[in-house]
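Chemist: curious how this folds, go ahead:
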Amino acid sequence: MTRKGLVERQTKETKVLVDIELDGTGRTDISTGVGFYDHMLASFGKHGLFDLTVQVEGDLHVDAHHTIEDTAIALGQAFAQAAGDKSGTRRFGAAMVPMDECLVQAAVDLSGRPYFVHDEPAGAPPTIGPDYASTLTRHVFESFTYHAAITLHVLVRSGRDWHHITEAQYKAVARALRTAVEIDPRVPGVPSTKGVL
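Modeler: Alright, predicted model coming up:
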């Protein structure tokens, strides 16, 4: 079984292509024009064991917001497409990821109901790297959650270095999603008493 999603999204601000395979090996080909975001998406693919291609042309002369937001939207749409009706999946996934002084916990439900909870410390610098606004991490996961139609909780338990705090969030979410979409041979059909997710 191949579970793949392909989304091409074009607006007056961006042109985005996202191709994801849930049953991959973590192979990534990422080019958004935002170096730190490329690094985060590569970590996301690697730790989720998702084969992930992301190619973006955005209005970076304005700033990186539209590029990052539209990529997250397309990634959520592609993920939902790849997950399909979620038959045979574990449905729930959780991960706790340490990164030096930082500890992040993520939990996910492939519920079909978009809901996002995010808790990270105050005091982030304005940007991480030259053009990734630190406020965008929450926005990325909000946009992804809505378009993937999942419930996602991301809780930063400790941390001082904002590169670590941010990267551990992407890794924890990827690890939680990896568990949630994993096929469980004991699960017949859709893992819900409703019969649909």
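Chemist: quickly list what the residue nearest to Asp29 when sequence neighbours are not counted is bridged to.
Modeler: Ranked by CB to CB, 6 or more residues apart in numbering and with sequence neighbours excluded, the top spatial neighbour of Asp29 is Thr53, at 4.6 Å. The C-beta positions use only the backbone N, C-alpha and C, and glycine is treated the same way. For Thr53, the beta-bridge partners under DSSP bridges are Asp19, Asp29.
Chemist: Thr53 and Ala122: what is the separation?
Modeler: Between Thr53 and Ala122 the distance is 35 Å, computed by CB to CB, to the nearest Å.
Chemist: ok, His65 next?
Modeler: Distance, His65 to Ala122, using CB to CB: 21 Å.
Chemist: between those two, who's got more neighbours?
Modeler: More crowded of His65 and Ala122, by other CB atoms under 10 Å: His65, with 18 against 4.
Chemist: which ones are touching Arg9?
Modeler: With contacts defined as CB atoms under 8 Å, 6 or more residues apart in numbering, Arg9 is in contact with 15-16, 18, 70, 73-74, 77.
Chemist: over to Glu167?
Modeler: 39-40, 43, 99.
Chemist: read off the pLDDT value for it.
Modeler: Note for Glu167: predicted pLDDT of 98.
Chemist: for the one 4 residues further on, same thing?
Modeler: Lys171 is assigned a predicted lDDT (pLDDT) of 98.
Chemist: what of Gly5?
Modeler: On the pLDDT scale, Gly5 gets 98.
Chemist: how much space between it and Lys171?
Modeler: 21 Å.
Chemist: tell me where the chain has strands.
Modeler: All strands of the chain, identified by DSSP state E, fall at 4-10, 14-21, 28-31, 51-58, 92-99, 102-109, 115-119, 127-128, 132-133, 151-158.
Chemist: reformat those as CSV; add distance to Leu177.
Modeler: What follows is the strands of the chain, written out as CSV (distance: least, CB to CB, whole Å):
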stretch, distance to Leu177
strand 4-10, 13
strand 14-21, 11
strand 28-31, 15
strand 51-58, 12
strand 92-99, 6
strand 102-109, 6
strand 115-119, 14
strand 127-128, 22
strand 132-133, 21
strand 151-158, 9
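Chemist: of the ones you listed, which is nearest Glu182?
Modeler: For Glu182, the closest of these is strand 92-99, at 7.7 Å, according to CB to CB.
Chemist: any buried residues in the closest one, and which?
Modeler: Using 16 or more other CB atoms under 10 Å as the test for burial, strand 92-99 gives 93, 95, 97, 99.
Chemist: does anything pack onto that strand? Which helices or strands?
Modeler: strand 102-109, helix 162-181 (3 or more CB pairs under 8 Å, 6 or more residues apart in numbering; DSSP states H and E).
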